[in-house]
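Peer 1: Sharing a model that was predicted from the sequence below.
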Amino acid sequence: MANRRRFLSVALAAGSTLAAGELARAAADGGDDRPNALGAPLSPYGSPSPFERSVVRVATTLTPTKFSSWDFTPLQDLHGTITPNGLFFERNHGGVPEIDPAEHRLLVHGLVDNPAIFTMDDLRRYPPVSAIHFVECSGNGLTEWSKPTGKTVQLTHGLLSCAEWTGVSVSTLLRDVGVKSGAAWVLAEGADAPLMDRSIPLEKMMDDAIIAYAQNGEALRPEQGYPLRLILPGFEGNMNVKWLRRLKVGSAPFYTREETAKYTDLLANGQARMFTFVMEAKSVITQPSGGMQIHARGERAISGLAWSGRGAIRRVEVSTDGGNRWSAAQLQEPILSKALTRFVFPWKWSGEEAVLQSRCYDETGYVQPTLAQLVRVRGVNSVYHLNAIQSWHVASDGTVTNVHA
Amino acid sequence: MHKTILVAVLLAGALFPVMLPASPTASGIGQSPTAAQITNWNVDVSASGAGLPAGQGAVAQGQLLYAARCAACHGASGAGGPMDRLVGGAGSLTAAKPVKTVGSYWPHATTLFDYIRRAMPFDSPGTLTNDQVYALTAYLLYLNGIVSENAVMNARTLPSVVMPNRENFTEEDPRPDAP
């Protein structure tokens, strides 16, 4: 107050012609470091800050068309374990269909007592179930078998996302129509242009499969299967059929193109593994990771994600010397079955070269293998199911790059 | 009193089918599909040949169709570009760069019919007749040296085609990877 009075008297004495706004600012006691104007009004549907415009999905350059292709989740920019719906990775085989939920139907037939057809309203009459699960494309990391290729964790591991799914238990639906004896497989088919379809063991369908209509609390996004998709916790992404319109119960696999010509794992001896459904335990450090620059020595928490299609993550270890010494990382709650688990590891960067790695153990005792161990049994032409330990090289100038170590 | 309840129950019973269409499920949720609804969507073909429709197609017809509907994406003789290569690659699966095609890799000929019918041509799926799909299937099998140039594919002949790589698929447990 004393200052203000002194300023006013000086200004008056000088016969100054200060603009009204300037006067008001100068007269305020709140200081300069605060807003002096209103922010934006309410908006019907929120969007990320304009300062986050670089946090986006990035498409592969490997496909000749964007209508049968994939894009990657920016894992390096995300926190915790839930993927925002707009950043959930995409994979489709014939574009994203626009489906009116009022017109959509789910047909359940084949080896069932009573074939039935359901509207979306019908499906919402069943008791809803919600569960948090990751979805990972089995082609995640396909560029990394022979040499380090992806420059960022988005490109090496970004065909991976995690959400809370809400819908109907498949077991509820199948019990309701009645499954006949002899039934062993279920064909799930989408309403997209190529009617993408996969065969799923009945056992899995009766275990924990969900027909989901919601993702992280809102309706599925179109690119995630709106209005209906199958969620098979822990199974390769391709089987989580989007735009689901038909379940046909049968006694044998249907040997669709996607489970024979694609999504089979060619071994070095020319044989190919078929029906390799489960995404085995895997982890990756997302902070720091490829393409980043470490600017300061000293404290720098390492953080990353671990997951297993077999159940819960039990332990994650981190090495900063290329796998010679391993130390346990801290697992953040919640640690859920077949969901992403966040791990953190305190680290002090000395300014010297380092090779950062993580490896995880799941509840079955399975240990994430090294790339060398994996290549020994699979060769380098498997394409799918690469779950090896990832290495990030930190140069003495702080540059972080993807390496095989 | 009893009479009133009885009348109400009978009345409700009579009205019930009008108010709610009969549901086939135990819960009463959902409806019985019509025969047409099942027929329209029940397009899958099994390795046994179950689901193959009537009709047939020959290699020569397939060659003409291929040039018109497929060659732009898969190459003049199925050698690929820009989309998947469909022909060749025999003996390459153990090579440094395996060439996985219909001939070198696919285990079942029936899958070829199923996939063309459900998903091809890429930008206009569902626009081929069953005869055309049989013809294209025949032509692609011919280009891969699996059937003769006089071959005619139909619900009887297609399931009997033995694909060269059929025996090289394994369903072994992938867990032995664990260190």
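Peer 2: Sure thing, it's come through. Numbers count the residues shown, from 1 in each chain, chains lettered A, B, ... in the order given.

Peer 1: ok, how many other residues are close to residue B:53?
Peer 2: 15 (other CB atoms under 10 Å in any protein chain shown). (C-beta placed from N, C-alpha, C; glycine too.)

Peer 1: Surely it is in contact with residue B:130?
Peer 2: Yes - in this structure residue B:53 lies within contact range of residue B:130 using CB atoms under 8 Å: 4.6 Å.

Peer 1: quick one, helices of chain A?
Peer 2: Listed in chain order, the helices of chain A (DSSP state H) span A:2-14, A:20-27, A:120-125, A:153-157, A:170-177, A:202-207, A:371-378.

Peer 1: So the third one, near chain B or not?
Peer 2: Yep, that's helix A:120-125 we're talking about. Yes - Helix A:120-125 reaches chain B (CB under 8 Å from any CB of the partner chain) through A:122, A:123, A:125.

Peer 1: tell me the contacts of residue 142?
Peer 2: You didn't pick a chain, so chain A it is. A:383, A:384, A:386 (CB atoms under 8 Å, 6 or more residues apart in numbering or on different chains).

Peer 1: that's the wrong chain, I meant chain B
Peer 2: Taking CB under 8 Å, 6+ apart, one finds B:59, B:62, B:148, B:149, B:151 in contact with residue B:142.

Peer 1: Buried members of those residues into PyMOL, please.
Peer 2: To isolate in PyMOL the members of the contacts of residue B:142 that are buried, counting by 16 or more other CB atoms under 10 Å in any protein chain shown, one can use:
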select buried, chain B and resi 59+62+151
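
Peer 1: For chain A, state which of the contacts of residue B:142 is nearest.
Peer 2: When the contacts of residue B:142 are compared for distance to chain A (CB to the nearest CB), residue B:62 wins out at 18.1 Å.

Peer 1: tell me the SS of that closest one?
Peer 2: Using DSSP: H, G, I helix; E, B strand; the rest coil, the structure places residue B:62 in helix.

Peer 1: Excluding covalently adjacent residues, which one is nearest to it?
Peer 2: residue B:139 (2.7 Å; CB to CB, 6 or more residues apart in numbering or on different chains).

Peer 1: Three-state assignment for that neighbour, please.
Peer 2: Three-state assignment for residue B:139 (three-state DSSP): helix.

Peer 1: show me the contacts for it.
Peer 2: B:59, B:61, B:62, B:63, B:65, B:66.

Peer 1: thought the last one was touching residue B:136?
Peer 2: Yes - checked against CB under 8 Å, the pair residue B:66 and residue B:136 is within contact range at 6.2 Å.

Peer 1: Looking at those two, which one has more neighbours?
Peer 2: residue B:136 (27 against 21).

Peer 1: average pLDDT across the helix or strand in which that one is found?
Peer 2: Per DSSP states H and E: residue B:136 is located in helix B:130-143. Summarised as a single mean, pLDDT over helix B:130-143 is 98.

Peer 1: Stretch A:253-270 now?
Peer 2: Average pLDDT, stretch A:253-270: 97.

Peer 1: Now do the buried residues in that stretch.
Peer 2: In terms of neighbour count (16+ other CB under 10 Å), stretch A:253-270 has its buried residues at A:253-268, A:270.

Peer 1: Residue A:326: neighbouring residues, count only.
Peer 2: By other CB under 10 Å, 15 other residues sit near residue A:326.

Peer 1: Quick check: the gap between it and chain B.
Peer 2: Separation of residue A:326 from chain B (CB to the nearest CB, to the nearest Å): 13 Å.

Peer 1: Need the nearest residue in space to that residue, chain neighbours excluded.
Peer 2: According to CB to CB, 6+ apart, the nearest residue to residue A:326 is residue A:317 (4.0 Å).

Peer 1: again with residue A:295
Peer 2: residue A:398 (6.1 Å).

Peer 1: Is that neighbour in contact with residue A:294, as I believe?
Peer 2: Yes - with contacts counted by CB under 8 Å, residue A:398 reaches residue A:294, the gap being 3.7 Å.

Peer 1: Return the residues in contact with residue 127.
Peer 2: All of this is about chain A. The contact partners of residue A:127, taken as CB under 8 Å, 6+ apart, are A:168, A:172.

Peer 1: my bad, the chain I had in mind was chain B
Peer 2: Neighbours of residue B:127 in contact, by CB under 8 Å, 6+ apart: residue B:121.
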